[in-house]
Structure formats: C-alpha cells, structure tokens
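K.L.:
missing the sequence, but the structure's below:
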C-alpha cells in the first residue's frame, strides 16, 4: 500500500541519535544536572534524584529495547504472519508486581530524606524571610538586624526592555543582589518564610531548599551549610511581572566573620564579607572584614545614624533617578506611566503633584498593593520623591531628607 | 451514487450550492454528531494555531537573555493564555470532536443521546474564547497570573479578571455537556451485542474521561467563583487577613487539576490502543487489564492532587501520603505501556503515518512518565518544582503525548471521514519533522530546569542561553511543520474531486463497526442498530484469524 523508503527512515533515526550525542558532547556536565550542593541534605537529595533517574533509564532500556526490536524484527517485510496471542494473566500480574516492588524500594529512602528535611528542631540561628513584590526581606530575628535584598542595579539596568546593554557583559546577570543574605557555616539555620503580598517561593539549589512564602502563614525550613561560598537562587513561584527579577544570594562565611558582619550591621554599616562582593562595587579584600566599608550601594538600606543634611536639587534628582528606577520603576515604570489599572501612572498624579507631606506619608505607609517603604533611608525617600515631583515635566518642588524624618515622627 | 444523491434529498445535509445562508445555518443549528465533530475539530485547529503563536512569542523572547520584544507583563499574559487556550481550546475540544465523530460509529448508534445539548456545548466555546482573548485588548491586558490562577496574585488582575472567570465557567459548562452526552450515549445506546467489555478502548477511555469531567469541572467552577466573590463581594476565602487561606485555593484547584491531566491523556490512550493493533495486525494485548488500568488511573487521579504543591508547606504526613499515592500511578500506567509493547510483539508491523505518531506517543509519553516518576519523589521534587524540568515533563506528556495522539487519530480516521487518502509522503515528512523538532524543543528544558532555571520568567541567567536557543529553534520548526499537516488534511476535506475513493475498511488490519460503513459514511449511520460481528469487537476473538475479513473482501 505504502512504498517504503527504508533508507531515508533509518538515516532520520540515526541522525536523531547523533544530534542528541552532539548536544551531549558540547556541554560541561556541571551545567546539565542538579547541583550536588553543599549540605548533607542536598547530597542526599542528589542521590535520590540520581537513583530514580538510573532506575528510569534501566526500565527505559528494557521497555524501549523490546519496542524497537519489535519495530525492527516484526515489521511486515520480515514478519508477514502476525501472531494471535492477546492476553496472559500471568504476564499481567508479573508486570504489575515488579514495578510495585521497584517503587517500594524507591519510596523508602525518599521517605527517610523527607523526614530529615522536615525536622527543623534545635536550630542555632533563625532568619525570617519575607517575600515582597519583587524583593526579599531578611530579618535575623534574635539579632535585631534586618534588611531588604533586591536585584543588583547593574542587572536591573540591563534587563529593561531594549536596554542596549548586553546581559553577557553583566557579572552574574540576574543572579546578583544589592545586599546578600550572610550566614555562618556549620550552624543549623532555621528559615521562617512568609510573604507580604502574593505567594513567592524561596529557592537556593545548592542548599536544596525550596518552599513557598505564603502571605499570612509561616513556613519553616532549615539548612546547615558546610562550605563558605556564594550560593545563588531565585524566586520559584510566579509572583507577578518581576517574578524573574528577585534573585537570592546566600553568602556563607565562617562563624567569626559572621559575628563581625553582624556587629557592624547593627551599627548601620554594611560590611562586605568576602569574595566577589556585589558586582560593580568590587572591593579587594584579603581580610574582608577589616577592609574599608564599600561604597554605599543605591539604595542604601540602613537608616543613617547622623541627622540628614540638606541636599541640592541636582544631587536629589541624580540619586532619586537611581532609587526610582531600582524600586519604584518596577510597577510605576521608568516612564512614570505605570501599568493601569493595576499600577497607576505617576505622570499627572494628584499625590505626586500635591502637598509633599501626603506624598511622603503615602510612601512610608504604602497603599493597597503598594508596600510601605519606611525601611529606606530618609535621603533615598527624599531623592526618589524629588525625582517623581520633577521628572516627566512635573514641577512640584523638592523634598528634603529632614521632611521625611519629620514625617516619621 | 444515485442512491447517495437520493438519500441526500431526504436526510442529507444542506450543501453550499443550496445557498450561503442555509449552509451557514446548517452549521450553526446542526445536531448531527458528525457535523459537530467537524466543528469541534476545526475549532481546536484554530485554537492550536492561536496558542501556538503565543508560544512563539514566548520562545522568541527566550531566544536570548535580556528582554528584546515584550515586557514581562505581556510575557506573563502569553504564558497564562497559552496554557488556557491549549488545554481548554485545543486538546479538550479535539478529543470531544473525536468522540463526536467516532463514539456513535464505534458502538453502533445513530447519534449522541442529546443532540441539542451537543450543539449548545460546542457553540459555547467560541463565545468563551472570544471573552478570554478579548482581554488582550483591554487596558491592562489579559490575565497574567498563570493558568492556575493562584490567589492572591490573580486577584491583582485588572479588567481582565471577570472575563477570565466567566470564560472558565463557560468552558466548564461546555465540557460538562459534552461529558454527560458521551457517558449517556455509551451507557444507553450501544448496539445489541456490544457489551461493555467488548467496546473499543477509545469508547472506554472516553467513558472514564466523561466521569472525570463531571466530577471535577464543578469543583473548578466553585474555585473560580470563590475568587470572584473574594475580588468583588468582600469574601475572604483566600485571604489570611480575613481568616481565609491562599493555599485552600490550590487544594481545590488541583483537586480539579490533577484529574484534568488525565482528562487530557485518557482519550489519547484510547486512540493509541486503537491504532497499534491495526498496524500490528494483531489484537490489543490485555484488553481487560487495559480497561482496569484506565479505571485505576482515574481513581488514583483523585487522591494525588497535592503533589503539585509539595513546596507549599504541608505537614510531613501529607507529603508522605501524596508521594506514595503518586508513585502508585506508575503501576497502572506501566501496565498500559507494557501492553502496548506486547501488542507490537510478533505482529506484522507497517508504518503508515498514524502508526508512526502512535509509536512516537508510546516512546515519548513514556519519557514524560519517567520524569513524572522523578517528580513524585518529594525530596527531589523540592529541587524540580516550578523549574523548566516540570515544563519539560508536562509538555512531553501533552505534546508528543496528547497532541500526537490527536494527530494520529485524524490521520487514521480522515480517510473514513472524507473518503479519500491523505498524502502518505507528506504525512511521513510531517511526522519526522514534528518528532525531531518537538524533542529539540522540550528535551533541553530538562537540563535547563535541573541547572536551576525557574518557570514563567521572561529572562534568565547567561548559563541557560544554549538550552533556550535549542528550545526556540525547535518550537519555530515544530510550528512551521504543522502547516504540512494542515495542507494534507485540507486536501482531503476540500479538494476531493477526481481522487480515488477508499473502501469501507480503509486499513486492512482495522477492526470496529466504523469500518463496516462506507467511506465517507452517510450523514446518518446506524439508524437501525447493527448486528455486531464477532470479528469487529476489540476484545477477545480467540478463534478468529485476525485477517479473516481481509480474505472475505478478497
């Protein structure tokens, strides 16, 4: 009935296999598979992953082996008379029981790992993690240190639509933050996970931890990092337009370095603690903690201890543009046009062009979907508001840090 | 021929030559299962194209790191609508269309039990999708919270929100009408002698699917109605501030959503179980166990929903239960695959286009099954969850799974429907291009996911670039290749003049009542219930030479 072009068929099939092999050869295996990670748990998870993978490969070899042998040997040209057999209860029972036994063998170690992962008792440090649209807030609950962590400014500039910046030129594109989560190695760390607005998920592959941050509820997870280093992760639950732009960077350091960092952080200083600190503000640090405090990134998070001085309009506008594009622009857009109806336009807005007090209050307290921004410094808020009040053809006067400080009282 | 013309005068459908308006009215008011099957299939082709174009927007943006073409908001609208369009507009209507055409002809009845409901069920769909897609033109754009509609994110949707909810309601009503119709028809209108355990497996899988639909669509309707009242009427089902729980929605949604994935795949099992025996010229191996496997899968599908939510923060006992239950599904699914391979074993195989797609289904669906088994291992799932590994997994079971089965089914039955053959060479070319490109699209996504690329992002770290380039090349290639199929089918439907007609039994190894009626079949088949010959039933015919009827015809 159908004329068979045997040759071309086999060429196609063989071509498929070779193209698969070529893809394999071109790649460094480190980027192909799940990371082994740097915790006891992550190694166990990797082992479970590889075990089930090889079991699947073995089953596949057997099943597809029979299938392809049949396709080859039982094609009509070689096997013109079909057999008649069409049932065998014995065979059905055998191939019901064998997979069942394999599954039980798989399930037992998996259950063991799961039980370990869910046991967050006896932790030595607790960090409360809160997901925001679109940044993370870290709170060392017993140490009184907390800060926000957002996408690094370099990545943020490059990731704008048609930014003209080649992402390949940005170090750790989309995987760098302004303030890293610094953690001590060798200690059992408990994370308390929640969210402020929508559901996020906190995931660091090297630690094999991923859990949803659900607004109004607290989830618990834990890790014990074995080696100092930088471990990068991302938000894994769709949380709106900038879901892809709220990375996580965990910086694991020796406990004594961690204590020094913590002490400095309490006084409002942001000490770089080691290798490869935030791209673009690189600090050469043989002895990281004694190194000079790095150039203050924008926006700064710590509330300054000194009384804010008045700034010129140019200074405010320059800093304000940075703060605006990093934090406000995600919703209200760099153009100030917002994304109505969800994110209102600032251009022509009554609040932006009205009295400064209301504008400041709005920013400090938040409204509807907009989270409060009281954690920013007076100078950053003043700069951002000044920018909003004078960009896009606005002329609504400048806001000084002192006015923000006054509004906080 | 004169007899045919004679029949048309009395019973036949209105043709275009009878006038444009009467012809259009025929399609709008038709209650004929074949007409409605055609409408469902045409609608589904259109929706596959729309959803495919959306996936091309996604793949174009992901071709390289950085944002080149669309902003993240629009990207999220594309992922959300792509899923809704493909699931509710592409795959489900395609299977309902196949059920419309084939179930009455397979079980020997003249039409579906509720023909007017059938018409209504179809004509809801164009309105549902007009509502849904019109949101793209609203200020603020379409829904962007993912097809899973998780609150609180989905409650941030702007003007599109009520459109989304009402569109989902309409799709649900349409599915329920179709499901009731198929179930009632199969249970009440089988020809004498067509006992349940002699039914073709396609009818069996659809019967089970119908029950899944009837059981779960109202649950989805309830869930989205709760979203609606949360948004507009001050309820707090899903808001912790008002005593609710956002995770409640996920439980309710996936109680619908997991059976839904079997709604999308069970009819595909039926199609493959029909095609493999035909081209292996050997009865389906283990018919009874196939039926029991489908029933077991359907039952298990109701008790595994929370494996979509392993990271949501469930109690340990819950995680363990859902892990074990999910792993259990591998047993009946494995039985089906083993039975298919045993059906091929020592058959006499030929590789026409439907057979190629059916074989690719067995191979690639099983690969999707393997990644599913990996995902069932909860501790490892914490690493896989919401990454491209999951995207690769469900696209493997849905595209080379469900969609390949739909394509196989149309190649298999279109000579029956139209009376002419498709072009075999083009069909083979279409198969090989589809098979290569679909693997190029989705296989690298496994690696991207394992290496740490999360789902639903318009941009990614540099390390994932190559995987995404391959994926994008594959997606564009796959899309373009489908035009070969459309051309091939269009030739059968609209350009039939002067081409040789096929016999009633198009494929020599095919069994079933549908092969006892002429090709194309008359507008009304089996107005008098047929006697069901032993040679035509799918189940056991121990003493019958599988090629008996071929000899009889010769």
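P.N.:
Cool, got the structure. All values reported here derive from a predicted model rather than from experimental measurement. Residues are numbered from 1 along each chain as shown, chains lettered A, B, ... in the order given.
K.L.:
tell me the contacts of the residue of the stretch 201-350 of chain B at minimum distance from chain A?
P.N.:
Proximity of the stretch 201-350 of chain B to chain A (Cβ to the nearest Cβ) peaks at residue B:240, 2.1 Å away. Heads up, the C-betas are built off the backbone N, CA and C, glycines and all. Residues near residue B:240 by Cβ atoms under 8 Å, 6 or more residues apart in numbering or on different chains: A:214-217, B:246.
K.L.:
adding pLDDT, write these out as CSV.
P.N.:
Formatted as CSV, the contacts of residue B:240 follow (pLDDT from 0 to 100):
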residue, pLDDT
A:214, 96
A:215, 95
A:216, 94
A:217, 95
B:246, 96
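K.L.:
narrow those to those that are buried.
P.N.:
A:214-217, B:246 (16 or more other Cβ atoms under 10 Å in any protein chain shown).
K.L.:
tell me the one of these nearest residue A:368?
P.N.:
Lowest distance from residue A:368 to these (Cβ to Cβ) belongs to residue A:215, with 14.3 Å.
K.L.:
who does the closest one bridge with?
P.N.:
Beta-bridge partners recorded for residue A:215 (DSSP bridges): residue A:195.
K.L.:
hang on, it packs against residue B:246?
P.N.:
Yes: assessed by Cβ atoms under 8 Å, residue A:215 is found in contact with residue B:246 at 6.5 Å.
K.L.:
any common contacting residues for these two?
P.N.:
By Cβ under 8 Å, 6+ apart, residue A:215 and residue B:246 have these common neighbours: A:199, B:152, B:240.
K.L.:
helices - which of those land there?
P.N.:
Judged by DSSP state H, the subset of those located in helices is empty.
K.L.:
residue ranges of the helices in the stretch 301-409 of chain A, please?
P.N.:
In the stretch 301-409 of chain A, the helices defined using DSSP state H, counting those that start in this stretch lie at A:313-323, A:329-332, A:350-353, A:356-365, A:378-390, A:401-408.
K.L.:
quick one: list the elements packing against the fifth one.
P.N.:
Taking 3 or more Cβ pairs under 8 Å, 6 or more residues apart in numbering or on different chains; DSSP states H and E as the contact definition, the neighbouring helices and strands of helix A:378-390 are helix A:313-323, helix A:350-353, helix A:356-365, helix A:401-408.
K.L.:
could I get those as a markdown table with mean pLDDT?
P.N.:
Below are those laid out as a markdown table (pLDDT from 0 to 100):
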| stretch | mean pLDDT |
| --- | --- |
| helix A:313-323 | 84 |
| helix A:350-353 | 86 |
| helix A:356-365 | 86 |
| helix A:401-408 | 85 |
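K.L.:
in a markdown table: these, plus distance to residue B:475 and mean neighbour count.
P.N.:
Shown next, in a markdown table, are the helices and strands packed on helix A:378-390 (distance: least, Cβ to Cβ, whole Å; neighbours: other Cβ atoms under 10 Å in any protein chain shown):
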| stretch | distance to residue B:475 | mean neighbour count |
| --- | --- | --- |
| helix A:313-323 | 38 | 19 |
| helix A:350-353 | 43 | 16 |
| helix A:356-365 | 43 | 17 |
| helix A:401-408 | 50 | 18 |
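K.L.:
quick revisit: closest to residue A:100 among the contacts of residue B:240?
P.N.:
Nearest to residue A:100 among those is residue A:214, at 35.4 Å by Cβ to Cβ.
K.L.:
what about chain A, any weak spots by pLDDT?
P.N.:
Applying pLDDT under 70 to chain A flags the ranges A:1-30, A:270-309, A:341.
K.L.:
pick out the residue in it sitting closest to chain B.
P.N.:
Nearest residue of chain A to chain B, counting by Cβ to the nearest Cβ: residue A:216, 2.1 Å away.
K.L.:
and the gap between the most centrally placed residue in chain A and residue B:58?
P.N.:
By Cα atoms, centre = their mean, the mean C-alpha position of chain A lies nearest to residue A:234, the distance being 1.4 Å. Using Cβ to Cβ, to the nearest Å, we find residue A:234 at a distance of 18 Å from residue B:58.
K.L.:
how distant is stretch B:180-197 from the center of its chain?
P.N.:
22 Å (Cα atoms, centre = their mean, to the nearest Å).
K.L.:
sorry, wrong one. I was asking about stretch A:185-203.
P.N.:
Counting by Cα atoms, centre = their mean, stretch A:185-203 comes out at 11 Å from the chain centroid.
K.L.:
for it, buried residues please.
P.N.:
For stretch A:185-203, by 16+ other Cβ under 10 Å, it's A:185, A:189-203.
K.L.:
what's the closest of those residues to residue B:215?
P.N.:
The closest of the buried residues of stretch A:185-203, once distances to residue B:215 are taken by Cβ to Cβ, is residue A:199, at 27.1 Å.
K.L.:
circling back: quick check, the residue of chain A closest to chain B in contact with residue B:246.
P.N.:
Yes: with contact defined as Cβ under 8 Å, residue A:216 and residue B:246 form a contacting pair (7.2 Å).
K.L.:
intersection of neighbour lists for these two?
P.N.:
Joint contacts of residue A:216 and residue B:246 (Cβ under 8 Å, 6+ apart) are B:239-240.
K.L.:
with adjacent residues omitted, what lies nearest to residue B:167?
P.N.:
Of all residues not flanking residue B:167 in the chain, residue B:132 sits nearest, at 3.8 Å (Cβ to Cβ, 6 or more residues apart in numbering or on different chains).
K.L.:
can you name the next helix or strand after the strand or helix carrying that neighbour?
P.N.:
Assigned by DSSP states H and E, residue B:132 falls within helix B:115-134. Beyond helix B:115-134 in the direction of the C-terminus, DSSP H and E gives the next helix or strand as helix B:160-188.
K.L.:
list the buried residues for that next one?
P.N.:
Within helix B:160-188, the residues scored as buried using 16+ other Cβ under 10 Å are B:160-161, B:163-183, B:185-186.
K.L.:
sorry, back to before: mind putting the helices and strands packed on helix A:378-390 in TSV, distance to residue B:441 included?
P.N.:
What follows is the helices and strands packed on helix A:378-390, written out as TSV (distance: least, Cβ to Cβ, whole Å):
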stretch	distance to residue B:441
helix A:313-323	40
helix A:350-353	46
helix A:356-365	45
helix A:401-408	52
